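Enquirer: sharing a model that was predicted from the sequence below.
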2 protein chains.
Amino acid sequence: MAISAGVVQGSKDVKIHDDFWNPFIELVRGTVIPYQWEALNDRIPGAEPSYAVRNFRIAAGIQKGEFGGMVFQDSDLAKWLEAVGYSLANHPDPELERTADDVIELIAKAQHDNGYLNTYFTLKEPGKQWTNLHEAHELYCAGHMIEAAVAYYEATGKRKMLDVVCRFVDHIAAVFGREPGKLRGYDGHQEIELALVKLYQATDDERHLRLAQFFIDERGTDPNFLIEECRQREGYSHFQKKQLQIPTVRQLAYNQAHQPVREQEVAIGHSVRAMYMYTAMADLAKLTGDAELLAACRRLWRNTTGKQMYITGGIGSTHHGEAFTFDYDLPNDTIYAETCASIGLIFFASRMLQLESRSEYADVLERALYNNVIGSMSRDGKHYFYVNPLEVWPEASESNPGRRHVKAVRQKWFGCSCCPPNVARLLSSLNRYIYTAAPEANNVFVHLFIGSTAQLDLAAGQVALRQQSRLPWEGHTRLELTAAPPDTAVTLSLRIPSWCGGRAALSINGVHADYETVNGYAAVTRQWTPGDIIEWEPALEARLSAAHPQIRANAGKAAIERGPLVYCLEEADNGRPLASLSLVGSSRLEASYHDELLGGAIVIAADGHADERDSWRDEALYRPYAEGRTPEPVKLQAIPYYLWGNRSLGEMTVWIRVNG
Amino acid sequence: MAISAGVVQGSKDVKIHDDFWNPFIELVRGTVIPYQWEALNDRIPGAEPSYAVRNFRIAAGIQKGEFGGMVFQDSDLAKWLEAVGYSLANHPDPELERTADDVIELIAKAQHDNGYLNTYFTLKEPGKQWTNLHEAHELYCAGHMIEAAVAYYEATGKRKMLDVVCRFVDHIAAVFGREPGKLRGYDGHQEIELALVKLYQATDDERHLRLAQFFIDERGTDPNFLIEECRQREGYSHFQKKQLQIPTVRQLAYNQAHQPVREQEVAIGHSVRAMYMYTAMADLAKLTGDAELLAACRRLWRNTTGKQMYITGGIGSTHHGEAFTFDYDLPNDTIYAETCASIGLIFFASRMLQLESRSEYADVLERALYNNVIGSMSRDGKHYFYVNPLEVWPEASESNPGRRHVKAVRQKWFGCSCCPPNVARLLSSLNRYIYTAAPEANNVFVHLFIGSTAQLDLAAGQVALRQQSRLPWEGHTRLELTAAPPDTAVTLSLRIPSWCGGRAALSINGVHADYETVNGYAAVTRQWTPGDIIEWEPALEARLSAAHPQIRANAGKAAIERGPLVYCLEEADNGRPLASLSLVGSSRLEASYHDELLGGAIVIAADGHADERDSWRDEALYRPYAEGRTPEPVKLQAIPYYLWGNRSLGEMTVWIRVNG
């Protein structure tokens, strides 16, 4: 597969109009962003204060007081501002824009004369700047400020915040580098790397790209910066408030700083840090044509998605360090699968798609989006799962400490935590993930089937189209060309989703059409005329999926999927214990739309069995197997995973034992 | 069931002569006790020093230096001395006895004039005695000293150590009590309660019994002693070396001090602490006829063994606090099942048997002994499992932090840890668990089928017998009466083990005999003559067992058992991943003796299937279930659980998926 470095681009001129997705995006705009603003201003009654805005007011000299919150508290305000930027681009809102402008004024006032910007170090540890990159998230917060600035600039054309971060980046470039006297280091939590790429794309300033490259290139080299830095602090830990042992190189795998990034073979350590880093690596591979970096991206992608990913698109098998463990270790009950990590995986997938249009990237992107990510949010937008389990036993979440991190109900969100703002910024920028274009090749790629209008610039001219999709409930997608360059052939590449099993029908203007399959895309090259209608129908049927035999946790089990949606059993429909239910492997899977179910959804019924339970005496834990009676036939009822936990507290499972 | 309080007694005049058990007991005598002595004296090259003997030498003024080791280091020396006592009773050894006498001299020299005895507080925190019962194990160490003293006194008749602990107990009784000015408290780690009962049985001094009763009665009453004590220390923690929050009543469930013991409904908290406490409660229920305490013992027994026990007799479902979790939560992979906890369960069971001869107590005792306990020790006596899992994936033990406490190989034992000395003292006193007698009823109970000679005193006179047993490989047991009271009917009660499914044949002098079943025992009452031969043959066949459907972890699975032994699959015999294997539910289970296998053992072969694995591509984690091919028939080979982990590093599982 040839790389078309520098030619495939994500599209920004895309507006979503989709029955399934608009409610989510509206929820973010109408509820999540305003609610978060109240939280950032400490105005949610009964909630822990965020301190985020207050910290900036104090740092700006407008208010008296002390710093509050975590060392990375600034990033909450930044993520909010970034989401606001995306939201304004989709949906102008003068009042919200005024609020954002005021916040930007405030941020600018908190900036030091030399460009430095971080309220924690301004207020709490002045003079200690850049002495604890390992723990203090200083460049991480800078990265989020940069992402916010770029999003806001792109939405509004206003430069104020962009200028603030450019000055900040000038300062950072004066502090970090290979020149004598500069810090040859990087942050403990990757984020600024991908942000600097975005900044470069907004500013065209090569220095921004080179700084991103510096951070990526330095990471994990020997002598290890984070270890040397820790020695300089004599092991003092910000979080522990005491001296700790100097970390070993091996321990720095948590930060993906145990070896140079180009040498890394497997996804390891804190999964959000890993995804943000891989995203930046893919960006740089594309922008610099760095073949070694590309090879590392492909390798890390393959390991992440081919060895360490849950069927829901969740990643991170352990809550200890919110981290990867090792190949095929995907426990369903002690899982982590943090929402932010799946969002990071979506970032990584989107950058890989910009490097090379292979449908596997979009398949994973879609899987994470429709399952892990939207499943994390409640229907009111105010309750979230940070951990997204595939198996829940509420009593175990309550009483077994090894499962206490797995919550059986979404938690109230009171402002300052990572996942909800990350969901907000992803959903409000969802329009960026649907299409890419290869301008020189005059090729338009449709990765996601989400109703939208789009304009894409090709060498031959502009293509505009309107997509209508019935996903996730039906496979039918209709594309209408509303503009096409005259006299030039243009290729339309429609993703053949993995879930259709290769069965996808194409028609053009009502006539069946053949297509060539290129890297998982149905490619049709012709001269298009405005008004051309393309109908694309990947087969969308409920199906049973099996897991790789090395995944011990899923042996003898199957999961129900339908199109991009993973399904699950809930106690509300199937009783308990769910473990006593099994599925008939050859069962017909009957799909039916239930419009009273949580906004309407297709439910799947399947033939199964319930192990006989009545003949057990309460005091007997074990008995001869032969005493068991034949399991009773039952009808199992599965709902989409993204809707779980919205009814009564109860058990849930994705993987179901197969018996018969 | 009537209680015969005060009349059923464990037998001490019992000698074991058994092909299966003698090697274990010999291993303790010939290897474990000498090796531990070296360890206690810091003479194991390359090992962390124990400091235990050294601490006593310093406290006795013989040597200069500082205290070393844990706050409860003294208990290691005490447990060693207790094991020596039992060993000398079975097998005189003048040199070992001399060593022990010297140790006792040393201990006596370290005792304060007022009777106080604890090297930690003597050397490291003089003046701080009895200020941190919650953490400092002061009465716990005293309890182990008392147990050692009683064992040594009973073995040798020498009073020196007994006198030392009696003086210590006098001091404790002067410090603790309900009188004004005394501490109305108890230890954070139960142990002294059961020890004081043993002391009472050796001394007949009622004050010793009353002190045990005091500690049991005070525990968990309001106001809570441990909380008040912690307030007095202003929350200072010995282990954390800083002030902590004052614990809540609920947190004291860890120490079973959250409510009065008579009100406790479920086994909760640290499982060893729980077992030691229940043991003392059962002792006191018997000795004082306390019906409320008896009811609590029965309730806690039922909960422990009927809701929270692994099939191996392991207890404690989580390593967080080495604790119980809740009913039916018995994960096989994140399990704790500490060796010491199963030993504590054996103590508890033996006391319940002394309260009331119901076979369920002996069934559990046997289950814990033949599986969890002896499985913890390697065949060289120098390597131990502290955690005894039912499912092992070595890579997960290495790389998933939630499973890191589960070791895939037995750990080298370097002296100062709880489980190995506990195994040593249990195995060297195993003769005490085989029989009980109800003297007034002239009833002799045979609980365990272990080759031995025994003398038991009944109201009518002495009964002596010789037991020969082929357990665990065959069910046949032969009892020869070597003495019997003339002219009086005596009842012999032979346990009908749960594993025989009620099928057990009795013959007397070669003639088939009927028996009455009383609480799970085959009771035969007659006038016996020396030379009478009783043959007892409970059906011993390999069988499949199922777990209660509320145990989610074992749904759809079965375990292989044979007689008292639980079996397991190992990678060495069956390949990997073991999870891809399943068992045919109706399979014949073929037992055959393999004399080359780890000292000789019966291996069980069963029909099973291996999920098809070859058609999986390495990079695919999930695929349509329909693509799976039919599983291949395979022969599964199971070995006794107690032998697992003695060959190459590999996977192990007790519970096996049933398919077909």
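Expert: Alright, I've got the coordinates. Numbers count the residues shown, from 1 in each chain, chains lettered A, B, ... in the order given.
Enquirer: interface residues of the stretch 301-450 of chain A facing chain B?
Expert: A:302, A:305-307, A:309, A:311, A:317-321, A:325-326, A:329, A:331, A:333-334, A:393, A:395-396, A:399-402 (C-beta under 8 Å from any C-beta of the partner chain). Using the backbone N, CA and C atoms, a C-beta is placed for each residue, glycine as well.
Enquirer: just the buried ones from these, in PyMOL syntax?
Expert: Buried residues within those, by 16 or more other C-beta atoms under 10 Å in any protein chain shown, are selected in PyMOL with:
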select buried, chain A and resi 305+306+307+309+311+317+318+319+321+325+326+329+331+333+334+393+396+399+400+402
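Enquirer: in the stretch 1-150 of chain A, what spans have low per-residue confidence?
Expert: A:1-12 (pLDDT under 70).
Enquirer: just the element for A:Ala202, please.
Expert: Element membership of A:Ala202, judged by DSSP states H and E, is helix A:192-203.
Enquirer: which helices and strands does that helix pack with?
Expert: Helices and strands touching helix A:192-203, by 3 or more C-beta pairs under 8 Å, 6 or more residues apart in numbering or on different chains; DSSP states H and E, are helix A:138-156, helix A:160-175, helix A:206-218, helix A:271-288.
Enquirer: sorry, back to before: now, which of the residues of the stretch 301-450 of chain A next to chain B lie within helices?
Expert: Judged by DSSP state H, these include A:Arg302, A:Thr305, A:Gly306, A:Lys307, A:Glu395, A:Ala396, A:Ser399 as members of helices.
Enquirer: which one is the third one nearest to, not counting chain neighbours?
Expert: Using C-beta to C-beta, 6 or more residues apart in numbering or on different chains and skipping residues adjacent in sequence, the residue nearest A:Gly306 is B:Glu619, 4.0 Å away.
Enquirer: residues near the one you found, how many?
Expert: Taking other C-beta atoms under 10 Å in any protein chain shown as the criterion, the count of residues near B:Glu619 is 12.
Enquirer: with A:Ala110 instead?
Expert: Tallying neighbours of A:Ala110 according to other C-beta under 10 Å, which is how burial is gauged here, yields 23.
Enquirer: please report how far the residue of the stretch 101-250 of chain A found nearest chain B lies from B:Arg184.
Expert: Here the residue of the stretch 101-250 of chain A nearest chain B is A:Lys242; by C-beta to the nearest C-beta that distance is 9.6 Å. Applying C-beta to C-beta, to the nearest Å, one obtains 37 Å for the distance of A:Lys242 from B:Arg184.
Enquirer: between those two, which has more neighbouring residues?
Expert: Set side by side, A:Lys242 and B:Arg184 show more neighbours around B:Arg184, with 15 against 9, by other C-beta under 10 Å.
Enquirer: give the contact list for that one.
Expert: Residues near B:Arg184 by C-beta atoms under 8 Å, 6 or more residues apart in numbering or on different chains: B:Phe176, B:Gly177, B:Arg178, B:Glu218, B:Phe225.
Enquirer: list the residues that contact the residue nearest to the spatial centre of chain A.
Expert: What sits nearest the mean C-alpha location of chain A, by C-alpha atoms, centre = their mean, is A:Ile343, with 0.7 Å. Taking C-beta under 8 Å, 6+ apart, we find A:Ile343 in contact with A:Met275, A:Ala368, A:Val373, A:Asn422, A:Val423, A:Leu426.
Enquirer: tally of neighbours for the first one?
Expert: Yep, that's A:Met275 we're talking about. Applying other C-beta under 10 Å, we find 27 residues neighbouring A:Met275.
Enquirer: next: the last one.
Expert: By other C-beta under 10 Å, 26 other residues sit near A:Leu426.
Enquirer: now do it against chain B, distance only.
Expert: In this structure, A:Leu426 lies at 23 Å from chain B, with C-beta to the nearest C-beta, to the nearest Å as the measure.
Enquirer: OK, contacts around the residue of the stretch 351-500 of chain A at minimum distance from chain B?
Expert: Shortest the stretch 351-500 of chain A-to-chain B distance, computed as C-beta to the nearest C-beta: residue-wise this is A:Pro401, at 3.6 Å. With contacts defined as C-beta under 8 Å, 6+ apart, A:Pro401 is in contact with B:Thr318, B:His320, B:Gly321, B:Thr325.
Enquirer: do that again at 6 Å, thanks
Expert: The neighbours of A:Pro401, taking C-beta atoms under 6 Å, 6 or more residues apart in numbering or on different chains as the test, are B:Thr318, B:His320.
Enquirer: do the same with A:Ile268
Expert: By C-beta under 6 Å, 6+ apart, the contact set of A:Ile268 is A:Ala253, A:Phe324.
Enquirer: what's the closest residue to chain B within the stretch 201-350 of chain A sitting at in phi/psi?
Expert: Of the stretch 201-350 of chain A, the residue with the smallest distance to chain B, taken as C-beta to the nearest C-beta, is A:His320 at 3.6 Å. According to degrees, to the nearest 10, the main-chain angles of A:His320 amount to phi -70, psi 100.
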